[in-house]
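Enquirer: Build the 3D model from these lines:
(chains A and B)
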Amino acid sequence: MGNIFVFIPLALIALTAAVGTVTSRNAIHSALFLILNMATLAAFYVVLQAPFIAMAQVAVYAGAIMVLFLFVIMLLGAEQLEGVVARGRAQVWLALLLGIGLIVSFGAALFVADTPSANEGLLDVIDASPVAVGLRLFENYVFPFEVTSLLLLVAMIGVVVLRTYEQRK
Amino acid sequence: MAEVTIEWYIALSTVLFTIGALGVLMRRNAIIIFMSIELMLNAANLAFVAFARHLGDELLGGQIFVFFVMTVAAAEVAVGLALIVAIFRSKQSINIDEVNVLKG
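Expert: Numbering: from 1, shown residues only, chains lettered A, B, ... in the order given. Model prediction:
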């Protein structure tokens, strides 16, 4: 599942970008770090033989979603709108404590769980071309796909309702 | 030389998820909290794709599910950012400590 010399640098970049996302004072910097993180994950997807997902990651996440984020940040002028980092130091320590608890419980779960073994070793190549992904999507996952369309419709109606309500006010 | 196995990817995904969770808990800027949630969703996606590769699943379940996660993320961001803009217009702030009343 990839070469160690590919994994380590990519993992370091992904972690650095993630830390940058949550620690930057400036929201624009956070967004740019998040784009870097998503691009790195796209590289991981290529390594993991999911080329179509990698392209979708770059186009949908790093492209569409992050452009929306940057657009709203710039629209509101919300780069530095933080003021106090947290109400009192106590919240920071509590958050760190909870974070450590989370990672420890994840680690314990990983340690205890039986990781499912790969089917007959590790297949050298899995067919995840756009054609294969599309066929699986429409042959085996039609119902979730349709539910997804409903979800998008609801989101669209929600945004329109929110706007018209605001204008009427 | 150690081979990169599924555990490495799960560990990376775990750490990324925890960083995202810490971002949600520690930051006050609603937009950065949103970005931290995206970080957590991406960490879950990495685990999905890694397991799809690990299991060599014929049905590509892990990879297909990533699509659904992406769709949910897109819908969530559209509605969430619209809410943030609406809140900013009425309160002139997106600091979540100052947005603690539901009334507009």
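
Enquirer: any residue of the longest helix along chain B up close to chain A?
Expert: Counting residues, the longest helix found in chain B (DSSP state H) is helix B:61-91. Yes: Helix B:61-91 lies within reach of chain A by Cβ under 8 Å from any Cβ of the partner chain, at B:63-64, B:66-68, B:70-79, B:81-86, B:88-89. C-betas here are computed from N, CA, C, even on glycine.

Enquirer: which other helices and strands contact that helix?
Expert: Contacts defined by 3 or more Cβ pairs under 8 Å, 6 or more residues apart in numbering or on different chains; DSSP states H and E place helix B:61-91 against helix A:51-56, helix A:66-76, helix A:130-140, helix A:142-168, helix B:30-55.

Enquirer: Now do the first one: which elements does it pack against?
Expert: Under the contact definition 3+ Cβ pairs under 8 Å, 6+ apart, helix A:51-56 sits against helix A:27-47, helix A:130-140, helix B:61-91.

Enquirer: Run through who's touching that helix.
Expert: A:42-43, A:45-46, A:128-130, A:133, B:49, B:63, B:66-67, B:70 (Cβ atoms under 8 Å, 6 or more residues apart in numbering or on different chains).

Enquirer: if we can go back for a sec, got the helices and strands packed on helix B:61-91 as TSV, with mean neighbour count, mean pLDDT and distance to A:Leu98 columns?
Expert: Converted to TSV, the helices and strands packed on helix B:61-91 look like this (neighbours: other Cβ atoms under 10 Å in any protein chain shown; pLDDT from 0 to 100; distance: least, Cβ to Cβ, whole Å):
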stretch	mean neighbour count	mean pLDDT	distance to A:Leu98
helix A:51-56	20	92	31
helix A:66-76	17	90	25
helix A:130-140	14	89	37
helix A:142-168	12	88	30
helix B:30-55	23	92	14
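
Enquirer: wait, which of these is closest to B:Trp8?
Expert: helix B:30-55 (8.6 Å; Cβ to Cβ).

Enquirer: tell me which strands and helices that closest one is in contact with?
Expert: Contacts defined by 3+ Cβ pairs under 8 Å, 6+ apart place helix B:30-55 against helix A:4-23, helix A:27-47, helix A:66-76, helix B:6-26, helix B:61-91.

Enquirer: What residues sit buried inside the last one?
Expert: This means helix B:61-91. Residues B:61-68, B:70-71, B:73-88 are the ones in helix B:61-91 that count as buried (16 or more other Cβ atoms under 10 Å in any protein chain shown).

Enquirer: Same question for the fourth one.
Expert: For helix B:6-26, a neighbour-count test (16+ other Cβ under 10 Å) marks B:6, B:8-10, B:12-26 as buried.

Enquirer: next one: the first one
Expert: Neighbour counts over helix A:4-23 (16+ other Cβ under 10 Å) mark A:7, A:10-11, A:14-15, A:17-23 as buried.

Enquirer: How far does the longest helix of chain B sit from its chain's centre?
Expert: 10 Å (Cα atoms, centre = their mean, to the nearest Å).

Enquirer: That helix versus helix A:130-140: what angle between them?
Expert: Using axes from the mean of the first three to the mean of the last three Cα atoms, to 10 degrees, the direction of helix B:61-91 lies 90 degrees away from that of helix A:130-140.

Enquirer: and helix B:61-91 with helix A:142-168, angle?
Expert: Angular relation of helix B:61-91 and helix A:142-168 on a 0 to 180 degree scale: 10 degrees, by the same axes, to 10 degrees.

Enquirer: What's the mean pLDDT across helix B:61-91?
Expert: The average pLDDT for helix B:61-91 rounds to 89.

Enquirer: tell me the contacts of the residue nearest to the spatial centre of chain A?
Expert: A centroid search over chain A (Cα atoms, centre = their mean) returns A:Met38, at 6.7 Å, as the residue closest to the centre. Taking Cβ under 8 Å, 6+ apart, we find A:Met38 in contact with A:57-58, A:61-62, A:66, B:42.
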